[in-house]
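What follows is a predicted protein model with its sequence.
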Amino acid sequence: MERTLSGDDSTTPHSDGRLHAAVALDGRGPCIAEARRVVAGFLTEMRAEHGVRVSQRSLELTQLVVSELVTNASKYASGPILLDLQIAGGLVEVQVWDSDPALPVARAADASRIGQHGLEIVTAVCQSVEAAREPVGKRITARLALVDTPSGEDPTRRR
């Protein structure tokens with residue numbers, strides 16, 4: 001696993017002001033745990049060093065989403081996986097790239113089915129989930145609110 005955070009091994013702002021971190025994973029089993037550690041480190045740094053409001057629930061849900069997406073990439077694609085994290089407008093954006101061009105399809109909920117619930121979980125906890133083919137492989141983008149909000153409140157609105 002090669003950890004490559006943008007800039008000098010730290011989080012850096014994009015030209016559009018977004019805070020960003022990226023890591024290349026080898027696609028083997030331990031990469032899932034590494035991806036979860038990267039998420040925890042990134043969001044913890046956002047709170048501590050950049051003053052970004054990040055609830056503990058959001059941190060844990062982001063780790064869950066990354067775990068599910070990286071697990072799927074590891075399971076269905078051979079080779080490296082790229083994980084990109086960005087903060088923008090009250091959301092954390094998670095992008096996972098892998099070399100398999102087949103787009104995932106969420107299956108209908110079925111409590112009796114064993115396994116294959118990952119995309120169901122991701123879509124249930126995220127504000128949005130998109131899948132797009134790339135010139136090589138595909139990229140899954142998921143966006144989650146950084147703070148818990150009362151029902152109906154816009155999570156991207158600044159207070």
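Cool, got the structure.

CA only for contacts and neighbour counts going forward, please
OK.

Pull the number of nearby residues for residue 53.
15 (other CA atoms under 10 Å).

tell me which element it falls in.
Residue 53 is part of no helix or strand when elements are defined by DSSP states H and E.

What does the pLDDT read for it?
pLDDT recorded at residue 53 is 95.

contacting residues for it?
In this structure, residue 53 makes contact with 46-47, 146-147, judged by CA atoms under 8 Å, 6 or more residues apart in numbering.

how much space between it and residue 59?
Separation of residue 53 from residue 59 (CA to CA, to the nearest Å): 11 Å.

cool, and residue 69?
As defined by CA to CA, residue 69 lies at a distance of 15 Å from residue 59.

Also residue 23?
Computed as CA to CA, the residue 23 to residue 59 distance reads 18 Å.

Same check on residue 138?
For residue 138, the distance to residue 59 under the criterion CA to CA works out to 25 Å.

ok, now residue 120?
As for residue 120, its distance to residue 59 is 19 Å (criterion: CA to CA).

which one of those two has more residues nearby?
residue 59 (22 against 15).

need the contact list for residue 77.
Residue 77 sits in contact with 98-100, where contact means CA under 8 Å, 6+ apart.

if we go to 6 Å?
When the contact criterion is CA atoms under 6 Å, 6 or more residues apart in numbering, the partners of residue 77 are 99-100.
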